[in-house]
Each structure stands twice: as structure tokens, then as C-alpha cells.
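Asks: got a predicted structure here, sequence first:
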Amino acid sequence: MAGMRLNLFLCVMVSCCALSPCWAQAPPKWGTQTFSSVGDIFAGGGQTNFTFDTAGGAGIPIAESLLDDSVTTDFAGRGPWDRAYARSFTGLPFTRNVIAPMRAEARLTGNRSNVAFAGELPAGAVAWSSAFVSDQFQYTGSQATTLSLTFELEGIVDDPVGTNGSIANALTNIHASAAVFEDTPNYEFFDGIGTLLSELGATVLSHNNAPAYDLDTLLIENDTAGAKAMRTTTIDFDVVPGQTFYVWQTLRAEAAYGTRVADAFSTLTAEFSQPDLVERVGFVVPEPSGLLLVMPLLVAMVLAYRRC
């Protein structure tokens, strides 16, 4: 697996250099990132004994994490414990005015490890997957205007009330957040919006003094009875001709205890209100002749992640 990861890393770097200019100093602020993890959880809520997989980074246009705990040992080399299956995926589309779709899923089997912590055996397992995208766009219109981004989240939560005794059900959920940041030196490729705003001093765009972010609406936390639940939100922001900005979005699916499921592999999607006046300026796809050269590398990236 180590050799495959090295080959995949080289593949990613070659692909990124072919699709857009390589950076000489600081890495770009656009990119994709995914993370999947499985661990033990105890009756009091404490967690330990993790297995995880991560992919992507700044300047990398596609990322996928896949963790099958039935064939993967934990961080100490024990197991496999067959506690859960977790995966996440995102990728920047070749179409220059389309927002990156995001997918995440966490499925528990009902199994747990036999590794005790402080003399206590696990009460169950916990699994989560997350995806993060930072994507740079430019407004190409000739007059100042207000743009809108409408986000739509679909997902299934299997979280029946009353199971597992007194164990809280709220740990099983699907949650997405979205924001539009001004292109300033204070903005960085980072998935923590609190850190971006309060510590780094990044600035979100706004409309009528309302900041362009939503951290609460895109949440599915109750059992959906086997059907897909949908959440939508719209973010408005003002732009002027030639202005560049970053669309920042995260998606997380988490399941805890028993055989619970948080399935958001139906995707988090978004659309601009005026897509003909917006284009991606970070990750840029070459002309068709150049695309033929790098397409096998992108395909290899996806296949290699699935094999790992």
C-alpha cells in the first residue's frame, strides 16, 4: 500500500501540474480533501482505537477516502474488527462554472473491538466521513451585482429512537456547511471556518449586511425511515466586475452505536444563480489535446484510491 500511495502522490502532482501551473512558493488556496475514520465509543461518549484514511490537499482537484474496517487494522495493527464502512469523495468539475459535488457515508455493522480502555470495553463503534472543498471563482460580468448560491443536501439517516438503551441518538447525523470568502491574503485552504474567521482574519462576502455563510440549515439528524431527506439553503453575496472569491464547503456523515447509518452519498450539490457570469480560475482544465494527456492520470487517481 505504501508503494501505491507514493505512485498515487506522484500521479496527483503530475496531474495538477498538467492541469494548472505548478506553484513555486506558497501552495494555492483551492483544493479538495477527504477523511474517513472508524473507532470505538464508550457508554460515556469517549472514543479511542481509531482506523482512518485521508486524501487530497491544497492544489489537488480530486480526493477520495475509503475505509473498510473488515479488512483494515487499527492504528496499533490490531484487528480487523469489522466495525464499519466509511467513504467520502469530492472533485472539481471540468466545467468551469459548476460547483464541486460532495459525498460522504458512514455505516456501522454492530460490531466493536475487544480493546478495553481504563478497564472498560467499548459500548459500540463510531464512524465518520468528511469532504472539504475550497474553489476559486471569478465574476465576469460588466456591472456590480448580487450572486446567489443554492445548496441542496440529500441523505438517509438510519437512527431509530429508543434503541441501545439510554445512548443518545444525536451523534448520528449528516451535516454540511457553506460560505463564500473574499480573495484576500488572510484566506487559506483550511476546513475550520471558526479558525478562518477568528484567528486568520479571513473575510466572508455579504449582501445587505448578511454574511455569506450557512452553518446550520444543512443538517439531517433524525431517522428518515428509509427515505431520502432534503435540506436546501441559499447564500447571497455582492460582487463587482473582475472580483475573485472562494466557495468553501464541508460535508460530514457520522454514525454512532449499534448498526446506525448516515448516508449522504446522494451528494451535496450547489448552483450559481447566474452561472454564465462565473468561471473557475484556480483549477483550470487545458484544451482538449492537453486533456487527452492527463485524463489517464486522473482515472488512475480514482482507481488507486479505491484499491487502497
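Replies: Sure, I can see it.
Asks: quick one: the strands in the stretch 1-150 of the chain?
Replies: Secondary structure of the stretch 1-150 of the chain (DSSP state E, counting those that start in this stretch): strands located at 31-41, 47-58, 62-68, 84-91, 102-108, 124-139, 145-158.
Asks: so what strands line up beside the first one?
Replies: With DSSP bridges as the test, strand 31-41 is paired with strand 47-58 (antiparallel), strand 124-139 (antiparallel).
Asks: can you list those strands in TSV and add distance to Thr184, mean pLDDT and mean neighbour count?
Replies: In short, each C-beta sits where N, CA and C put it, glycine included. Formatted as TSV, these follow (distance: least, CB to CB, whole Å; pLDDT from 0 to 100; neighbours: other CB atoms under 10 Å):
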stretch	distance to Thr184	mean pLDDT	mean neighbour count
strand 47-58	16	93	19
strand 124-139	12	96	26
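Asks: can you redo those as JSON lines with distance to Asp69?
Replies: Listed next are the strands paired with strand 31-41 as JSON lines, based on distance: least, CB to CB, whole Å:
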{"stretch": "strand 47-58", "distance to Asp69": "6"}
{"stretch": "strand 124-139", "distance to Asp69": "8"}
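Asks: poorly predicted segments of the stretch 1-150 of the chain, please.
Replies: Along the stretch 1-150 of the chain, the model assigns pLDDT under 70 to residues 1-25.
Asks: report the contact partners of Gly201.
Replies: Applying CB atoms under 8 Å, 6 or more residues apart in numbering to Gly201 gives the contacts Asn186.
Asks: what do you get if the cut-off is 10 Å, keeping everything else the same?
Replies: Taking CB atoms under 10 Å, 6 or more residues apart in numbering, we find Gly201 in contact with 184-187.
Asks: and Leu200, by the same measure?
Replies: When contacts are counted by CB under 10 Å, 6+ apart, Leu200 touches 184-188, 190, 192.
Asks: so which pair among those residues is furthest apart in space?
Replies: Longest distance between any two of those is 18.0 Å, between Pro185 and Gly192; criterion CB to CB.
Asks: relative to Gly91, how far out is the residue lying farthest from the centre of the chain?
Replies: Ranked by distance from the centre of the chain (CA atoms, centre = their mean), the top residue is Gly119, with 35.4 Å. Gly119 is 45 Å from Gly91, where distance means CB to CB, to the nearest Å.
Asks: is Phe151 in a bridge, and if so with what?
Replies: Going by DSSP bridges, Phe151 forms beta bridges with Thr233, Ala270.
Asks: then the one 5 residues further on?
Replies: Beta-bridge pairing for Ile156 (DSSP bridges): Asp263.
Asks: let me know the pLDDT of it.
Replies: At Ile156, the model reports a pLDDT of 95.
Asks: wait, it touches Asn222, no?
Replies: No. The pair Ile156 / Asn222 is not scored as a contact, 11.4 Å apart, by CB atoms under 10 Å.
Asks: need the overlap of contacts for these two.
Replies: Ala229.
Asks: have a look at those two and say which one is more surrounded.
Replies: Taking neighbours as other CB atoms under 10 Å, Ile156 and Asn222 compare with Ile156 leading, 22 against 14.
Asks: who's in contact with the more buried one?
Replies: Ile156 sits next to 105, 174, 220, 223-229, 253, 261-266 when contact means CB under 10 Å, 6+ apart.
Asks: one more time with 6 Å, if that's ok
Replies: Neighbouring residues of Ile156 by CB atoms under 6 Å, 6 or more residues apart in numbering: 224, 228, 263.
Asks: export the residues you listed as TSV, with columns for neighbour count.
Replies: Supplementary listing: those in TSV, determined by neighbours: other CB atoms under 10 Å:
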residue	neighbour count
Thr224	17
Lys228	13
Asp263	21
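Asks: what's near enough to touch Ser37?
Replies: 50, 52, 128.
Asks: excluding residues flanking it in the chain, which one is nearest it?
Replies: Phe52 (4.0 Å; CB to CB, 6 or more residues apart in numbering).
Asks: please apply the same query to Ala262.
Replies: Nearest to Ala262 is Ala253, by CB to CB, 6+ apart, at 4.0 Å.
Asks: the closest residue in space to Pro27 that isn't next to it in sequence: what's it in contact with?
Replies: Leaving aside its chain neighbours, Pro27 sits nearest to Ala58 (4.1 Å; criterion: CB to CB, 6+ apart). By CB under 6 Å, 6+ apart, Ala58 lies in contact with 27-28, 31, 189.
Asks: mind running it again at 7 Å?
Replies: 27-29, 31, 189 (CB atoms under 7 Å, 6 or more residues apart in numbering).
Asks: do the same with Ser273
Replies: Contact analysis of Ser273 by CB under 7 Å, 6+ apart lists 147-148.
Asks: report pLDDT for it.
Replies: With respect to pLDDT, Ser273 scores 96.
Asks: for Ala210, same thing?
Replies: 97.
Asks: specify the beta-bridge partners of the spatially most central residue of the chain.
Replies: In the chain, the residue lying closest to the centroid (CA atoms, centre = their mean) is Ala131, at 1.0 Å. Under DSSP bridges, the beta-bridge partners of Ala131 are Thr34, Leu251.
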